[in-house]
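Enquirer: Show me how the following folds:
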Amino acid sequence: MKRTSGTPENDSGVADVDGSVDLFDALHSTERRRLLDVINNLRKTGAQLDIDLPTIAVIGMQSAGKSSLIEAISGIKLPRASGTCTRCPTECQLSSSAEPWRCTVTLRYITDLDDQPLGVPREHVFGDTIVEKDEVEARIRRAQRAILNPTRDFQEFLNGPDADVEVSERSFSRNSIVLDISGPDIVDLSFVDLPGLIASVSDGGNPEDIDLVRKLATSYIKKVNCIILLTVACETDFENQAAHQLAKTVDRTGKRTIGVLTKPDRIPTGEEERWLRFIKNEHQPLEHGWFSVRQPDSQALRAGITYSEARQQELDYFAKTPPWSTLDRQCLKQLGTANVVERLSEVLLDLIRRTLPGLMKQVKRELKEVEAKIQQLPPAPGDDALAQVLLLLNNFSRDLSHHMDGTPYDGLVQSLRPAQDEFRRTIRGTAPDFRPYESSKKRADPLKPDELMTRLGVPCSVAELCRDSPPRVSTIHDVVSDDEDDEDDRRAIYVDEIMTCADSAVTRELPGHIPFTITRDLIVAILGHWRSPTELLLTFVHERLLKYVEKLIDKHFVTFAEGKFQQKVSDIVEHFILEGAETARSRVVWLLAVEQPPFTRNYRYFSDYRAKYLEYFRGCRHHIKHRSVIQTLKTHKSYFASSSRYKTDDPVGGVLSGLNKIGFRDVKSADLAKLLPPDEYEPALGIMADVRAYFHVAYKRFTDLVPMALDHELVLGLTRDGALDKRLLKELGVTGPDALARCEDLLREPPKIAQQRADLVNKKTRLESARVELARLGV
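Expert: Model prediction:
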């Protein structure tokens, strides 16, 4: 049928037919064809996977007359034998042409063998172009077999026997058959026929197919730019047809749905009015209304009814059969295939017109997003694997050197400082707790030197740790008070105990001479407690360095775990650090060894501390033994002896005045404490002052040298002289035979990343093709 100005109607108001359903006049054919070509060309690029293209999707229950409606619109015959119902989407691209009728069948795969989306649709032209309509049915049947058996060569189904496969690999598929039909009597229209919804499966069927078909239909009709062509059979209760419920789920207001009642000639007598309410849009109203079509029954099909005869019989049925023939003219426009197609065309073209202006913006927006995601992925393996491996290793080496040299704020060096400070405090805590007064505990047995040595090195209190020098005793007011006895006695060593050990050490020395042995043994006993914190610091630096470097390795090589590049670099670096740790261990063991015999050339520092400690210890002794004298001197208001302010009843003032008269000038009251008689424990006080003074010299030296040694051998040693770089190149085989092959293996990407990259690149390709097509068409 060809129309010149709209669709002619007979007296009943039903559209007339003349062998076709071409519903548009020539005035609009150019625009119509252009708009449909835009969408069809975009669909060929696979753009429908990324953007919502205007389309018509035909849904309905199985045996709802959906296939008959498709045949009436397209003018071809679909497979009708048992077991050959629609089991995959069939996309029909109809176009009016002055050329002879022709049909091309194409297989379009959008999923792989695991039913996962392909980056770019894969299309195969299924056979030569068909020029005889009678050949289409068999070609579609063969094409569907190929779609349902994706592991087999499609040529096998194209050229092999036209027989059903005993057991197909798939019962349904998301991959589709594309029919490109053109000819002089073809309407310009595009739609996709979806498998009919099923409520149950036959014996031996897969119950999961029910949900699979429903999800397949939903994936199409849920898109806002999809027009839903809903077929409902009048021979079955409306409430039992799930297709309507599915359509209503995604289109609650009915704005996108066009309803079609099929098989009106099978309505039970007396129930016609119930179905007429749909045509009048009184029941389950839709924005585009309900239509009804009547297609040939099986008897007419077997008799070989022609396409034109079928359309004429449909016209006659609605024009002459009550109650259809009694409807008003407006309702009569809702009857017949021609009116359905006209409404479909109007709605689709209107949707395309409204959608096209925004498609380019949508494509550009999607392109921008996909390009950003590609940029977030790690660099893809390049063509020159050797050069890329060398570049990666060089970048890692530079970054490692930068971090080992020290970075601001939160780098490796900063993370080691708390441990170094703790090490210093721990070593400082081994300082002996000498008490310059006698022990209150009376012993039945003489003190043995070994017992005294066990108290050395016991950790001190927090207050003692905070004190890095002896209390100042510049005046008699600064001596400690008697409550010092309350300190922790576990580590206390009293002056009488030191004296006892000193006396026991005397052999052939002259009177008044104490052997150096006692001083040396006390010092060595203290140093013996330095090994444990030193090893703890070594272990901490080793482990912290490993963790820190591991993060850098992850930063540079995490994307190359598949080829074990990251693991191999990690193993090599870990072993290299272990070697550095062993070297560092030998260095600190050496430092511990050289500290054993007391030695210093820092005479001034040692002498200064010895004098301070000796003054401190003596002051404490004077405070204890000569409390009244000390108190008198402490409360005396100190003036120079030459001053006339001294009162005659002031004994201290009198002494100072007398000293002034005999020539001792500028003597202060605090100086009189020096006139007190010698202390019997003076030798012990000297030993205590020697040990404490040397401890300060040694611990400050040691707590600098150990961190320096660890830093030199472990941290800075990691990048010194390029030793690690050479080790990496050698053990990775980057410079040896077959280096290129090994580098290619090292750079192998994880399948997940490779797949993600491929999907994004494919999506970018589709979108770029869509952009080019839209630009070419001036959209």
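Enquirer: neighbours of residue 201, just the number please.
Expert: Residues lying near residue 201 (other C-beta atoms under 10 Å) number 13. In short, each C-beta sits where N, CA and C put it, glycine included.
Enquirer: pretty sure it is in a helix, no?
Expert: No: membership of residue 201 in a helix is not supported by DSSP: H, G, I helix; E, B strand; the rest coil, which gives coil.
Enquirer: low pLDDT regions in the stretch 301-450 of the chain?
Expert: 383, 442-450 (pLDDT under 70).
Enquirer: ditto for the stretch 501-650 of the chain
Expert: Within the stretch 501-650 of the chain, the segments meeting pLDDT under 70 span 637-649.
Enquirer: That one: helices as residue ranges?
Expert: Listed in chain order, the helices of the stretch 501-650 of the chain (DSSP state H, counting those that start in this stretch) span residues 516-527, 531-557, 565-594, 603-625, 627-635.
Enquirer: Of all the ones you listed, which one is nearest residue 103?
Expert: Residue 103 sits nearest to helix 565-594 of all these, at 53.8 Å, using C-beta to C-beta.
Enquirer: If I take the closest one and helix 531-557, what angle do their directions form?
Expert: 160 degrees (axes from the mean of the first three to the mean of the last three C-alpha atoms, to 10 degrees).
Enquirer: Once you drop chain neighbours, what's closest to residue 600?
Expert: residue 697 (4.9 Å; C-beta to C-beta, 6 or more residues apart in numbering).
Enquirer: what about that neighbour, which helix or strand?
Expert: In this structure, residue 697 sits in helix 682-710 according to DSSP states H and E.
Enquirer: For that helix, name the packing helices and strands.
Expert: helix 412-428, strand 433-435, helix 495-505, helix 516-527, helix 531-557, helix 565-594, helix 603-625 (3 or more C-beta pairs under 8 Å, 6 or more residues apart in numbering; DSSP states H and E).
Enquirer: Which positions in it come out as buried?
Expert: 683-700, 702-703, 706-707, 709-710 (16 or more other C-beta atoms under 10 Å).
Enquirer: same thing with stretch 165-172?
Expert: 168, 170-172.
Enquirer: Max pairwise distance over those residues: which two?
Expert: So for the buried residues of stretch 165-172, where distance means C-beta to C-beta, the most widely separated pair is 168 and 172, at 9.6 Å.
Enquirer: any common contacting residues for the two?
Expert: residue 148 (C-beta atoms under 8 Å, 6 or more residues apart in numbering).
Enquirer: Mind checking what secondary structure the nearest residue to residue 730 once chain neighbours are set aside has?
Expert: Excluding its sequence neighbours, the residue lying closest to residue 730 (C-beta to C-beta, 6+ apart) is residue 736, at 7.9 Å. Three-state call for residue 736 (three-state DSSP): coil.
Enquirer: pLDDT score assigned to residue 736?
Expert: Looking at residue 736, its pLDDT stands at 76.
Enquirer: when you give positions from now on, start the count at 31
Expert: Okay, residue one is now 31; in that scheme the one you just asked about reads as residue 766.
Enquirer: is it possible to export the buried residues of stretch 195-202 to JSON lines including secondary structure, pLDDT and distance to residue 532?
Expert: As requested, the buried residues of stretch 195-202 are exported to JSON lines (DSSP: H, G, I helix; E, B strand; the rest coil; pLDDT from 0 to 100; distance: C-beta to C-beta, whole Å):
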{"residue": "198", "secondary structure": "coil", "pLDDT": "85", "distance to residue 532": "104"}
{"residue": "200", "secondary structure": "coil", "pLDDT": "89", "distance to residue 532": "99"}
{"residue": "201", "secondary structure": "coil", "pLDDT": "88", "distance to residue 532": "102"}
{"residue": "202", "secondary structure": "coil", "pLDDT": "90", "distance to residue 532": "102"}
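Enquirer: distance between the ends of stretch 186-193?
Expert: End-to-end distance for stretch 186-193, by C-alpha to C-alpha, to the nearest Å: 11 Å.
Enquirer: Give me the distance between the nearest residue to residue 280 once chain neighbours are set aside and residue 800.
Expert: Leaving aside its sequence neighbours, residue 280 sits nearest to residue 252 (C-beta to C-beta, 6+ apart; 4.6 Å). Relative to residue 800, residue 252 is positioned 21 Å away (C-beta to C-beta, to the nearest Å).
Enquirer: Which of the two has more residues huddled nearby?
Expert: residue 800 (27 against 15).
Enquirer: what about the more buried one, helix or strand, and which?
Expert: helix 781-806.
Enquirer: Can you tell me which helices and strands that helix packs against?
Expert: Checking 3+ C-beta pairs under 8 Å, 6+ apart, helix 781-806 ends up next to helix 56-74, strand 147-155, helix 367-406.
Enquirer: list the buried ones in the last one?
Expert: So that's helix 367-406. Within helix 367-406, judged by 16+ other C-beta under 10 Å, the buried ones are 367-375, 377-379, 381-382, 385-386, 389, 392-393, 396-397, 400.
Enquirer: now the next helix or strand after that helix against helix 561-587, angle please.
Expert: Next helix or strand after helix 367-406 toward the C-terminus (DSSP H and E): helix 415-435. Helix 415-435 runs at 140 degrees relative to helix 561-587, counting by the same axes, to 10 degrees.
Enquirer: Next, the residues that contact helix 415-435 from outside, please.
Expert: 411-412, 441-442, 578-579, 582-583, 585-587, 590, 595, 599, 745-746, 748-749, 752, 754-755, 758-759, 762, 764, 769-770, 773-774, 776-777.
Enquirer: With just CA atoms, put that helix into PDB.
Expert: Below are the C-alpha coordinates for helix 415-435, written out as PDB (Å, rounded to 0.1, in the frame of the first residue of the first chain):
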ATOM      1  CA  ALA A 415      59.300  -3.900  27.300                       C
ATOM      2  CA  LEU A 416      63.000  -3.600  28.100                       C
ATOM      3  CA  ALA A 417      62.900   0.200  28.000                       C
ATOM      4  CA  GLN A 418      59.800   0.300  30.100                       C
ATOM      5  CA  VAL A 419      61.400  -2.000  32.800                       C
ATOM      6  CA  LEU A 420      64.500   0.100  32.900                       C
ATOM      7  CA  LEU A 421      62.400   3.200  33.200                       C
ATOM      8  CA  LEU A 422      60.400   1.700  36.100                       C
ATOM      9  CA  LEU A 423      63.500   0.600  37.900                       C
ATOM     10  CA  ASN A 424      65.200   4.000  37.400                       C
ATOM     11  CA  ASN A 425      62.100   5.800  38.700                       C
ATOM     12  CA  PHE A 426      62.000   3.500  41.700                       C
ATOM     13  CA  SER A 427      65.700   4.100  42.400                       C
ATOM     14  CA  ARG A 428      65.400   7.900  42.300                       C
ATOM     15  CA  ASP A 429      62.300   7.800  44.500                       C
ATOM     16  CA  LEU A 430      64.100   5.500  47.000                       C
ATOM     17  CA  SER A 431      67.200   7.700  47.100                       C
ATOM     18  CA  HIS A 432      65.000  10.700  47.800                       C
ATOM     19  CA  HIS A 433      63.300   9.000  50.700                       C
ATOM     20  CA  MET A 434      66.500   7.600  52.100                       C
ATOM     21  CA  ASP A 435      68.100  11.000  52.100                       C
END
